[in-house]
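[1] below is the sequence, then the predicted model.
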Amino acid sequence: MPLVTVTVRKPKTPAFTSAVLAAVHQGLVGAGVPEADRFQRVLALGEDEFRYDPRYPDLASARGNDFVLIEILWSVGRSVKVKRKFVADVIAQIARDPGVDPEHVMIVFKETAWENWSFGGGRLLHA
């Protein structure tokens, strides 16, 4: 069960955030996540609440208000090959819709052990 957090600067339209979330979910499904496994949230923050360097580390174009930060919290065990494919798929889709420059999309993976998930009812399914 990946938990997706997308952080953007305000204001963003529902169409923009929906397109980003759809791209991320499509990438996750391509990485083997079940279609119905969708847990996503969007944080839309003001300029004072979401700060970032425009060019770090060596971007070809400066990040602006269209910068998208995608955090994927998922269980350990996926290979670098799977992660590379996920990143490529998501970046390509976000470039098409909603049309964000690939240089302005950052993706971060956070991995946790299987026993750290309780999907509901207080049950630790993998413990």
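    Arrived safely. Numbers count the residues shown, from 1 in each chain.

[2] could you measure from Leu28 over to Lys83?
    Using CB to CB, to the nearest Å, Leu28 is found at 11 Å from Lys83. C-betas here are computed from N, CA, C, even on glycine.

[3] higher neighbour count, those two?
    Ranked by neighbour count (other CB atoms under 10 Å), Leu28 and Lys83 place Leu28 first, with 22 against 14.

[4] I'd guessed that one sits against Leu21; true?
    No. Using CB atoms under 8 Å, Leu28 makes no contact with Leu21, being 10.5 Å away.

[5] between the two, what contacts are shared?
    Counting by CB atoms under 8 Å, 6 or more residues apart in numbering, the residues touching both Leu28 and Leu21 are Val4.

[6] low pLDDT regions in the chain?
    127 (pLDDT under 70).

[7] contacts for stretch 80-97, please.
    19-20, 22-24, 26-28, 30-32, 68, 70, 72, 100-102, 105, 107, 109.

[8] and it, how far out from the chain's middle?
    Mean-position distance between stretch 80-97 and its chain equals 10 Å (CA atoms, centre = their mean, to the nearest Å).

[9] tell me which residues of that stretch are tucked away?
    86-87, 89-91, 93-95 (16 or more other CB atoms under 10 Å).
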